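Enquirer: I would like the atomic coordinates for the input below:
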Amino acid sequence: MRFFRLNISPRTRRKLGRYWSRVSWYVGYPFYHLRNLFVAIGTMFAEWWRRRNLRYLLQGLPSLLLTAGVILFGLLVFAQDRNLLANDYQRQGYQSILDAKKKLSAGDDATPQLAMAEMCFQRLLVLQNKDVNLYMLAQVLDVRKQSEAVIDLLRTMAPGDKTRYGLAHLNMAELYLTGKLPPPPGSSPGRAAENHLKRAVWSKDPSAAPRANLMLSELYKVWNMPKEAEKHLEDAAKAVPEWRGFQAEWFRRKGQPDQAKLYAQMAAQVFRRRLEKEPDNHTDRASLADALVLMGDFPEAVETLRLGATLAQENEQLHRNYAVKASTVYVSWYLAKKDDPKISLSEKFDLLQKALEWFPNNINVFPLLISLSHQTGPEAEKARQAVVDRTMGDKPSWMAHLYLGMDAWASNNVPDARHHWERAFELSKGAPLVANNLAWVVANYPPGNEDPQRGLVMIDEAIKQLEEKEEPVDPRFYGTRGHILAKLGRHKEALPELEKSIPGNQNDETLFRQLADTCEKLDMNKLSEDYRRRADEIKRKMAGPVRRPLPGPDGAAPDAPKDAPPTGPGGDAKPPAGTPAPATPKTPTPPVPPGGKAAPAGTPGKQ
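Expert: Residues are numbered from 1 along each chain as shown. Okay, here's the model as predicted:
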């Protein structure tokens, strides 16, 4: 058997041999040096081992082990999954925020939890520089009351000329609307907010775009742009079906009851489906009751709330909430039937009675009862007696005294008005509305025995309370203070107070005459003539004497005391047997238009 052999010449063989020698040299050269290196290291260790000293070995062993540990830890850190580490920081950050909010709600110090949350989100930003992580850091800083840092972060995430992070744009709009951030030069709070809300919509962020549409609809309503308002309201309701109730309310106010009923039915369907899956969802149950009220199905709304209370018998707070809600439904029922000639006065009075049985401090019921009492017949007398009865007993209602005083004032019965307001002031511990009305009476009546100094103390404290709570002050409060200051001869202080009250007293002859007198005392004769001319115009238009308008059913009114539990018909501080206590529906609070006062939402929102 013969094998294949390559027949080449000796010369070619010599060339190939030289090439192979060169290739072997270049390839093997590094290995030659590596071999020499290992031989040298081996020789070094062999020599070290030959001259070893056990004492030196033991002394250096800890350092050797520490060095090996550091190197191993470094390798583990380098090889660690960065996404896994980011998830850990995110989870710990969220948990720390929740723990901090629980402690703050309980009145405890949450500094360690907030510090931990801030550290987690700062480190998370190093690993993942995303807007959502920056937004969470802003939330932590907001809880820590570092408003300037929060605004700086929001500006970064929501520049006015770019569409970046939707939630940040939403918060910037809220800051402008609440007056916590001045608008850019040449703009206004409303326009600045509109810019950011538009960008929040364009971001198509499902957590921001629907609410931005809802806020835009509110802005356009205030600006009398109904077409744009309806468009954005429709976009918002498409994304959040339960907001169909806002559409129903919009069309009800526009005088389109059929459209309002249609959208209310759509909202009710959403809440019914949810309640079928989760009967104990009291927020959806209360929202269903709202939708039923818009549909005009008041009996079903009351029954819905009654069933909710039955399911929540162990929760006292829910019982209180359901009682307030049921009372509100009865008031809405009365208002819907008030002008219906087919409904007797007795039936109307019964609705208001049930409203008070559910919630004795329902501020909307008292003026309706007073109005009903001005009609003729036995039911009118019963309506007044129902209010009077609330001033008697173990726990008299200061609101009943307030509205009885207003009724007496409207009838020129100053002694009765003062008596009721003195009692209301005592029972309510100086509620601002009561203080304003009583301050006016104390400072001006009875003639010759006025006490303007006491009245000034009252109205000063009332305005101070409202300002501390960041609540809007009725312009008429400033008018009361201005009149009293003028009566005390302090005209320089009185003038700005009187001028601030003009928006709420456009047809108050007394105000403009006092402004004229005050300006005259300050040698501002031209302005005095202008105010006096305005007072004469009002006098010509008004037929007969007109009482000074005080804040009342059509003006600012105080909230019911939050610590006063509503009582049922039996006065047992609980709703009637088997009846309700609703949780107020968890629907978004529409923003207040430019120049108005909004809810405290101008900080990073919740995710």
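Enquirer: stretch 421-428: how far from the chain's middle?
Expert: Put simply, stretch 421-428 sits 31 Å off its chain's centre (CA atoms, centre = their mean, to the nearest Å).
Enquirer: give me the buried positions along it.
Expert: Across stretch 421-428, burial judged by 16 or more other CB atoms under 10 Å covers W421, E422, R423, A424, F425, L427, S428. Backbone N, C-alpha and C define where each C-beta goes, glycine included.
Enquirer: do the same with stretch 106-116
Expert: With burial defined by 16+ other CB under 10 Å, the residues of stretch 106-116 counted as buried are A110, Q113, L114, M116.
Enquirer: with those in mind, which one is nearest to R22?
Expert: Closest approach to R22 among those (CB to CB): M116, at 66.1 Å.
Enquirer: what packs against the lengthiest helix in the chain?
Expert: Identified as the longest helix of the chain according to DSSP state H is helix 10-50. The contact analysis (3 or more CB pairs under 8 Å, 6 or more residues apart in numbering; DSSP states H and E) places helix 10-50 against no helix or strand.
Enquirer: following element in sequence after it, please.
Expert: Per DSSP states H and E, the first helix or strand lying C-terminal to helix 10-50 is helix 54-79.
Enquirer: what residues sit buried inside that next one?
Expert: So for helix 54-79, nothing qualifies as buried (16+ other CB under 10 Å).
Enquirer: and that helix with helix 10-50, angle?
Expert: 120 degrees (axes from the mean of the first three to the mean of the last three CA atoms, to 10 degrees).
Enquirer: related to what we said a few turns ago, can I get the buried residues of stretch 421-428 in TSV with distance to A138 and secondary structure?
Expert: Compiled in TSV, these are given as follows (distance: CB to CB, whole Å; DSSP: H, G, I helix; E, B strand; the rest coil):
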residue	distance to A138	secondary structure
W421	47	helix
E422	50	helix
R423	49	helix
A424	44	helix
F425	44	helix
L427	44	helix
S428	40	coil
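Enquirer: so can I have CSV of the residues you listed showing pLDDT?
Expert: Shown next, in CSV, are the buried residues of stretch 421-428 (pLDDT from 0 to 100):
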residue, pLDDT
W421, 94
E422, 93
R423, 93
A424, 93
F425, 94
L427, 92
S428, 91
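Enquirer: and of those residues, the nearest to M524?
Expert: The shortest gap between M524 and any of the buried residues of stretch 421-428 belongs to W421, at 34.2 Å (CB to CB).
Enquirer: so what's that closest one up against?
Expert: Counting by CB atoms under 8 Å, 6 or more residues apart in numbering, W421 touches H401, L402, G405, V434, N437, L438, V441.
Enquirer: and what about T376, helix, strand or coil?
Expert: What DSSP: H, G, I helix; E, B strand; the rest coil gives for T376 is coil.
Enquirer: what about it, how many residues nearby?
Expert: For T376, the count of nearby residues is 8 (other CB atoms under 10 Å).
Enquirer: which SSE is immediately downstream of the helix or strand of the chain with the lowest mean pLDDT?
Expert: Scoring the helices and strands of the chain by mean pLDDT, DSSP states H and E places helix 54-79 at the bottom, with a mean of 80. Downstream of helix 54-79, the next assigned helix or strand under DSSP H and E is helix 82-105.
Enquirer: remind me what that following helix packs against, helices and strands.
Expert: helix 111-127, helix 131-143.
Enquirer: let's have those in JSON lines, adding distance to P503 and mean pLDDT.
Expert: Below are these laid out as JSON lines (distance: least, CB to CB, whole Å; pLDDT from 0 to 100):
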{"stretch": "helix 111-127", "distance to P503": "42", "mean pLDDT": "89"}
{"stretch": "helix 131-143", "distance to P503": "33", "mean pLDDT": "90"}
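Enquirer: pick the most buried one from those helices.
Expert: helix 131-143 (a mean of 21; mean count of other CB atoms under 10 Å).
Enquirer: run the chain-centre distance for it.
Expert: Worked out by CA atoms, centre = their mean, helix 131-143 lies 18 Å from the chain centre.
Enquirer: counting by contacts, list what that helix packs against.
Expert: Looks like helix 131-143 contacts helix 82-105, helix 111-127, helix 147-157, helix 166-177 (3+ CB pairs under 8 Å, 6+ apart).
Enquirer: report the angle between the second one and helix 82-105.
Expert: Helix 111-127 runs at 150 degrees relative to helix 82-105, counting by the same axes, to 10 degrees.
Enquirer: give me the contacts around helix 111-127.
Expert: Residues contacting helix 111-127 (CB under 8 Å, 6+ apart): 82, 85-86, 89-90, 92-93, 96-97, 99-100, 103, 133-134, 136-137, 140-141, 143-144.
Enquirer: what about the helices and strands packed on helix 82-105, which gets the closest to A158?
Expert: helix 131-143 (9.2 Å).
Enquirer: could I get the closest one in CSV with only the CA atoms?
Expert: Provided in CSV are the C-alpha atoms of helix 131-143 (Å, rounded to 0.1, in the frame of the first residue of the first chain):
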residue,chain,number,x,y,z
ASP,A,131,-37.7,60.5,35.4
VAL,A,132,-39.8,58.2,37.5
ASN,A,133,-37.0,57.8,40.0
LEU,A,134,-36.3,61.5,40.0
TYR,A,135,-40.1,62.0,40.6
MET,A,136,-40.1,59.7,43.6
LEU,A,137,-37.1,61.6,45.1
ALA,A,138,-39.2,64.8,44.7
GLN,A,139,-42.0,63.1,46.6
VAL,A,140,-39.7,62.3,49.5
LEU,A,141,-38.4,65.9,49.5
ASP,A,142,-41.9,67.1,49.5
VAL,A,143,-42.8,65.1,52.6
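Enquirer: where do the domain boundaries of this structure fall?
Expert: 17-49, 80-159 (automatic domain parsing).
Enquirer: for G571, give me the pLDDT.
Expert: What the model reports as pLDDT for G571 is 31.
Enquirer: and the closest residue in space to F349 that isn't next to it in sequence, how far is that from L345?
Expert: Distance criterion CB to CB, 6 or more residues apart in numbering; nearest residue to F349, sequence neighbours excluded, is E379 at 4.9 Å. The spacing between E379 and L345, counted by CB to CB, to the nearest Å, is 4 Å.
Enquirer: between these two, which contacts overlap?
Expert: Between them, E379 and L345 share the contacting residues L372, judged by CB under 8 Å, 6+ apart.
Enquirer: just so I have it, where are all the helices in the stretch 401-550 of the chain?
Expert: 414-427, 432-444, 452-468, 475-487, 491-500, 509-521, 525-541 (DSSP state H, counting those that start in this stretch).
Enquirer: want to throw those into CSV with distance to S63?
Expert: Shown next, in CSV, are the helices of the stretch 401-550 of the chain (distance: least, CB to CB, whole Å):
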stretch, distance to S63
helix 414-427, 80
helix 432-444, 75
helix 452-468, 65
helix 475-487, 78
helix 491-500, 79
helix 509-521, 89
helix 525-541, 90
